[in-house]
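Enquirer: Quick one: sequence and predicted model below, then my questions.
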Amino acid sequence: MSTVSPLNRLNDFTAQQWLRFTKTWFIHNPPPRKKAELLHPAKYPEKMIEEFVRFFSKEGGIVFDPFLGTGSTLVACHNSNRNGIGIELQEKYAKIARERIQLLESQLKLDEEGGKLKAKQLVLRGNSAEVGKFWQEYNLPLIDAVITSPPYGPMLNKKGLVAKEREESGLDTKYSDDETDLGNASGYDDFLQKLMDIFIQIKPLIKDGGHLIIILQNYMDKGEYKMLAWDFARDMSKEFQLRGEKVWCQDNKTLYPYGYRYSFVPNVHHHYCLIFKKRKEQE
Ligand SMILES: C[S@@+](CC[C@H](N)C(=O)[O-])C[C@H]1O[C@@H](n2cnc3c(N)ncnc32)[C@H](O)[C@@H]1O
């Protein structure tokens, strides 16, 4: 029988579970979203994120998502008994996050009165560029793991086929018109810089040896392939140690005939889960 080694400093995984997680790719097809969560243009699946939460923290640990959206990271934290903190710029998405957590917590009361889930989830509405202010104001603890998917560049402002379909269904095609929304950065380089600035601010709030898992994608923009995941990995590795990546593949998405008959235009159906580590002082 597999047991958790008392020498395991990172998580509560057995050797077998640990080994399985180190494979650098996986397929995860998100289940259909609930009606309220559909409004958001880019939610990630909480079951998938729970795997990362469980690998990069121990039970009772502190996980932070600076781009919380509909709160999937906090749902994963609730389900794995980690304490989650999330910041989301838009009240409409922060509200969905709060409601998801409230619902889970009320079910817990009914199902497991006195049960062992004690971890807390905190949804903060605001700009992650001011993350230090939140930590001071609420006297928040140091972070074990940052797990997040930022806006994928200024890409949601593109008017592609997917955006057209969402628009026709009355769903959001971009997060907001707010100028502090990273998705509204004036261009690709500006976006990358602003994103980096946020992680530089988060750095002192992470424990030495703590991890960051940042999910991003490369994408095609007006005939040019933007290497967002790779450019970001290069910039971030000046501040943090890049430990590698896990490639998340989706194989149930619609294929669009973008460049048919004239050129190769990819249907990008994979994301990079980039893994960084905050070096210890002496390293
Ligand atoms: C890719 S989505 C995150 C989705 C989330 N993982 C989920 O499952 O719902 C990125 C989110 O970042 C938010 N955002 C953009 N700029 C922000 C900022 N400066 N501070 C905080 N949140 C921001 C957007 O409103 C959006 O909800």
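Expert: Good, I have the coordinates. This is a predicted model, so every value here is computed, not measured. Numbers count the residues shown, from 1 in each chain.
Enquirer: List the contacts of the one residue in the stretch 51-200 of the chain that gets nearest to the ligand.
Expert: Nearest to the ligand in the stretch 51-200 of the chain, going by CB to the nearest ligand atom, is residue 69, at a distance of 2.5 Å. The C-beta positions use only the backbone N, C-alpha and C, and glycine is treated the same way. Going by CB atoms under 8 Å, 6 or more residues apart in numbering, residue 69 touches 40, 42, 43, 44, 88, 93, 97, 149.
Enquirer: Provide the secondary structure category for it.
Expert: Assigned by DSSP: H, G, I helix; E, B strand; the rest coil, the conformation of residue 69 is coil.
Enquirer: what's the answer for residue 252, then?
Expert: Applying three-state DSSP: residue 252 is coil.
Enquirer: what kind of secondary structure is the residue lying closest to it once chain neighbours are set aside in?
Expert: The shortest distance from residue 252 to any residue other than its chain neighbours is 4.4 Å, reached at residue 29 (CB to CB, 6 or more residues apart in numbering). Put simply, residue 29 is coil when judged by three-state DSSP.
Enquirer: buried set for stretch 47-66?
Expert: 48-58, 61-66 (16 or more other CB atoms under 10 Å).
Enquirer: That stretch: how far from the chain's middle?
Expert: 11 Å (CA atoms, centre = their mean, to the nearest Å).
Enquirer: And the ligand, is the helix or strand where residue 207 lies touching that?
Expert: Here residue 207 sits within strand 206-216, counting by DSSP states H and E. No. Contact of strand 206-216 with the ligand (CB under 6 Å from any ligand atom) is absent, the minimum separation being 7.8 Å.
Enquirer: quick check: mean pLDDT across that strand?
Expert: Computed over strand 206-216, the mean pLDDT rounds to 98.
Enquirer: Paired strands for whichever helix or strand comes after that strand, with orientation please.
Expert: Sequence-wise, the next helix or strand downstream of strand 206-216 (DSSP H and E) is strand 219-221. Applying DSSP bridges to the sheet, strand 219-221 is found paired with strand 224-226 (antiparallel).
Enquirer: distance between the following helix or strand past the strand it pairs with and the chain's centre?
Expert: Going down the chain from strand 224-226, the next helix or strand is helix 228-236, by DSSP H and E. From the chain centre to the centre of helix 228-236 is a distance of 16 Å (CA atoms, centre = their mean).
Enquirer: ok, which residues in the stretch 151-283 of the chain are in contact with the ligand?
Expert: So the stretch 151-283 of the chain meets the ligand at 151, 175, 180, 181, 182, 183 (CB under 6 Å from any ligand atom).
Enquirer: Flag every buried residue along stretch 143-157.
Expert: Neighbour count says stretch 143-157 has 143-156 buried, by 16+ other CB under 10 Å.
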